[in-house]
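*Asks:* Here is a sequence together with a model predicted from it:
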Amino acid sequence: MKILLIYPYFLEPRIHVEEIAALPMGIHYVGALLKSKGHDVEILNWYDAKGADTAMREALASRQPDLIGISIVHANRWGGIEVARMAKQLDPGIPVVFGGIGATFLWRHLLTHFSAIDYIVLGEGEQTFARLVAALENGAPSGEIAQLPGLALRSLDGPAKTAVPPLIEDLDELPPPARYFDFQHLSMTRGCPSRCTFCGSPRFWRRRVRSHSTDYLVNQMALLKERGIAFFYLSDDTFTLNAKRVIELCRKIIERDLSISWQAISKVSAVNDEMLYWMRKAGCVQISYGVESGSPEIRKRLCKDIRHDQIIQAFERTVAHGILARAYFIYGAPGETWETVGQTLELMRQIRPLSAIFYMMDLFPGTALYEAYKTRSGADDDIWLQPVEDLLYFETDPSMDRETVLAYGRRLREVFDTSLPEFARQIVLEDNPDLYPEQADFLSRLGLTFSHGDYARIKSTVDPAQVARELFERSLRRHPDHRAFWGLALLDQHNGETAAAISTLKEGLRHHPQSQHLNICLGIGYANQGQFAQALEYLTPFDRIPEAIPHIVRSLRALGRHQEAEMYRPAPS
């Protein structure tokens, strides 16, 4: 069969687009299993396609699929509904299947109100989807399809769901998606043992944790690295639950010399020094921790079973090993007041996160907080007939109001933004020579964020260029890091100190003669000084790099080598 798997658009724009731009991992696993069975599968990422109705309709019409699967994470459900309607308008007989966490928890609501949806795959979807595809391909009667486990569909009595299938015990039986697709989000495990009331994972995965083997994951990384993908997001709910397995994975990444960088998500009570050491040596550059609140009472209400001392210890030790520690905070939670916000600010000052994400408390289907809201209010799932992405908690709590909750968020962000230089200057690193190269890498990455990245663009950040310079210089005291040389040179060039920049770049090239950034930057520096012959020495080895080409052309023309310069003229379109 020819199958389209679609990740539909969201209603609202995002400050952090990366939160929605990446395809859910499950869609790649479903696609891989179907491909392994001989089906023609294409995945379309339409996360930002709102308003592009004509283009979407043309894409569906030109591909003429036999079946469409649509991945729903709840906030994109209206995009999915519209795509389903388009598909049915083009071909009323085409089966449309929804899946994902959003569809799983709203299966009855979706099948009741939206006739364009034929089936919903509930929970872990690979095997259920594959069985459904096989049944449809073989022309199985509706009665037989209605017996397939893990489905929701319409019956004579209305929407119904079939038996709950067992979870996949051996995850390594699933074909590795990296055989067929390119992506950056990976996971070693499925599930989480925690019971956070704002999260749908406990119910979706039944609070069970299963794991791929470390070989399965490292083999996927290797396949993707061969195709030029060298940065990964390990998106397990809690990557570090099994310290032995994490260390085993890290050792294999090092043994195979993959030379990758990656981020992970963890819990402050689930890290230790040995694990952090091996994670950093294997390329981990960031760990995100769910802190949520500085108020012990709010954390208790959210069933966030972490202690104050564990939070402080995790952030301190993560940074000490040269890994950026990012904090997730939630504001506007049950019981939030200016006093609890003050407790969060105090905790923030203690842990000094070098990156932070602030979320307003949402209620999503499948969470304990959402079920509690329905119980106390008498509401049902039909509240989602409104064209909205989410339900904010404060909208359900008479003791809270919009302006106050928004003010909580503004205050948290303001304090974080203005404190960033102080947090960066107060970094305390483990004095372990074996980690010096990785710690230097950490400092230089952070320095570029202050000199040319997100933190350079925050208006309330005081003198970000000076903070960056201090980080670059500190990096070089640890190790001759190529990025630190480059960053210092960029700052000098920006200040018109070309001679100082050239000196720094030459020193950098003494340690890293093949560095693309250092060579191109030095070539540009010479060109800006009118030393065009010297400029070409450093630029021409990188004449396929777009950043170098205009400076090569400028230098060739200045030297009267116009015929050579014409070779770099873009081909007619």
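*Replies:* Nice, thanks for sending it over.
*Asks:* Stretch 264-280: how far from the chain's middle?
*Replies:* Centre-to-centre, stretch 264-280 and its host chain are 19 Å apart (CA atoms, centre = their mean, to the nearest Å).
*Asks:* list the buried ones in that stretch?
*Replies:* Residues 264-271, 275-280 are the ones in stretch 264-280 that count as buried (16 or more other CB atoms under 10 Å). For glycine as for every other residue, the C-beta is placed from the backbone atoms N, C-alpha and C.
*Asks:* Could you dump the residues you listed into TSV with distance to Arg57, secondary structure and pLDDT added?
*Replies:* Shown next, in TSV, are the buried residues of stretch 264-280 (distance: CB to CB, whole Å; DSSP: H, G, I helix; E, B strand; the rest coil; pLDDT from 0 to 100):
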residue	distance to Arg57	secondary structure	pLDDT
Ala264	40	strand	98
Ile265	37	strand	97
Ser266	43	strand	96
Lys267	44	coil	97
Val268	48	coil	97
Ser269	50	coil	96
Ala270	47	coil	96
Val271	48	coil	97
Met275	50	helix	98
Leu276	50	helix	98
Tyr277	53	helix	98
Trp278	50	helix	98
Met279	46	helix	98
Arg280	49	helix	98
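*Asks:* of those, closest to Asp118?
*Replies:* Of all the buried residues of stretch 264-280, Ile265 has the smallest distance to Asp118: 34.5 Å, by CB to CB.
*Asks:* tell me the SS of the nearest residue to the closest one once chain neighbours are set aside?
*Replies:* Once flanking residues are discounted, Ile265 sits nearest to Ser288: 4.9 Å by CB to CB, 6 or more residues apart in numbering. Judged by DSSP: H, G, I helix; E, B strand; the rest coil, the three-state class of Ser288 is strand.
*Asks:* re earlier: make TSV from the buried residues of stretch 264-280 and add distance to Glu430 to it.
*Replies:* Shown next, in TSV, are the buried residues of stretch 264-280 (distance: CB to CB, whole Å):
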residue	distance to Glu430
Ala264	19
Ile265	22
Ser266	18
Lys267	21
Val268	18
Ser269	20
Ala270	19
Val271	14
Met275	14
Leu276	9
Tyr277	9
Trp278	14
Met279	13
Arg280	10
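*Asks:* Spell out the residue ranges of the strands in the stretch 1-150 of the chain.
*Replies:* Secondary structure of the stretch 1-150 of the chain (DSSP state E, counting those that start in this stretch): strands at 2-7, 40-45, 67-71, 96-99, 119-121.
*Asks:* quick one: which of those strands is nearest Tyr180?
*Replies:* Nearest of these (CB to CB): strand 40-45, 7.7 Å.
*Asks:* Next, the angle from the closest one to strand 67-71.
*Replies:* Orientation note: strand 40-45 sits at an angle of 40 degrees relative to strand 67-71 (axes from the mean of the first three to the mean of the last three CA atoms, to 10 degrees).
*Asks:* Flag every buried residue along strand 40-45.
*Replies:* 41, 43-45.
*Asks:* one step back: in TSV, list the strands of the stretch 1-150 of the chain along with distance to Lys161 and mean pLDDT.
*Replies:* Below are the strands of the stretch 1-150 of the chain laid out as TSV (distance: least, CB to CB, whole Å; pLDDT from 0 to 100):
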stretch	distance to Lys161	mean pLDDT
strand 2-7	22	98
strand 40-45	25	98
strand 67-71	18	98
strand 96-99	13	98
strand 119-121	8	98
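*Asks:* what comes into contact with the lowest-mean-pLDDT helix or strand in the chain?
*Replies:* Using mean pLDDT, DSSP states H and E, helix 18-21 stands out as the lowest-scoring helix or strand of the chain, at a mean of 85. Applying CB atoms under 8 Å, 6 or more residues apart in numbering, the external contacts of helix 18-21 come out as 10, 14, 45, 47-48, 75-76.
*Asks:* Does the residue at the greatest distance from the centre of the chain belong to a helix, a strand or coil?
*Replies:* Centroid-distance maximum for the chain: Gly560 at 49.0 Å, with CA atoms, centre = their mean. Following three-state DSSP, the label given to Gly560 is coil.
*Asks:* Tell me the predicted confidence for it.
*Replies:* We have a pLDDT of 94 for Gly560.
*Asks:* quick one, phi/psi of it?
*Replies:* phi 80, psi 10 (degrees, to the nearest 10).
*Asks:* measure it to Arg510 for me?
*Replies:* For Gly560, the distance to Arg510 equals 32 Å [CB to CB, to the nearest Å].
*Asks:* Equivalent analysis for Val30, please.
*Replies:* To Arg510, Val30 is 51 Å away according to CB to CB.
*Asks:* Just want to know which of those two has more residues nearby.
*Replies:* Val30 (30 against 11; other CB atoms under 10 Å).
*Asks:* Looks like that one contacts Leu67 (just checking).
*Replies:* No - under the criterion of CB atoms under 8 Å, Val30 makes no contact with Leu67, lying 11.7 Å away.
*Asks:* Which neighbouring residues are in contact with the residue nearest to Val83 when sequence neighbours are not counted, exactly?
*Replies:* With CB to CB, 6+ apart as the criterion, Val83 has its nearest non-adjacent residue at 5.0 Å, and that residue is Pro8. Contacts here follow CB under 8 Å, 6+ apart; on that basis Pro8 touches 46-47, 49, 70-72, 76, 79-80, 82-83.
*Asks:* same deal with Ser295?
*Replies:* 335-336, 339-340, 343-344.
*Asks:* Adding pLDDT, secondary structure and distance to Thr540, write those out as a markdown table.
*Replies:* As requested, the contacts of Ser295 are exported to a markdown table (pLDDT from 0 to 100; DSSP: H, G, I helix; E, B strand; the rest coil; distance: CB to CB, whole Å):
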| residue | pLDDT | secondary structure | distance to Thr540 |
| --- | --- | --- | --- |
| Gly335 | 96 | coil | 64 |
| Glu336 | 98 | coil | 60 |
| Glu339 | 98 | helix | 63 |
| Thr340 | 98 | helix | 60 |
| Gln343 | 98 | helix | 59 |
| Thr344 | 98 | helix | 54 |
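*Asks:* Restricted to buried residues, select those residues in PyMOL.
*Replies:* Remark: buried members of the contacts of Ser295, expressed as a PyMOL selection using 16+ other CB under 10 Å:
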select buried, resi 335+336+340+343+344
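*Asks:* Of the contacts of Ser295, which is the nearest to Asp362?
*Replies:* Glu336 (13.6 Å).
*Asks:* Ala565 looks like it's in a helix, true?
*Replies:* Yes - judged by three-state DSSP, Ala565 forms part of a helix.
*Asks:* Could you check how far it is from Ser555?
*Replies:* In terms of CB to CB, Ala565 sits 9 Å off from Ser555.
*Asks:* Good, wrapping up.
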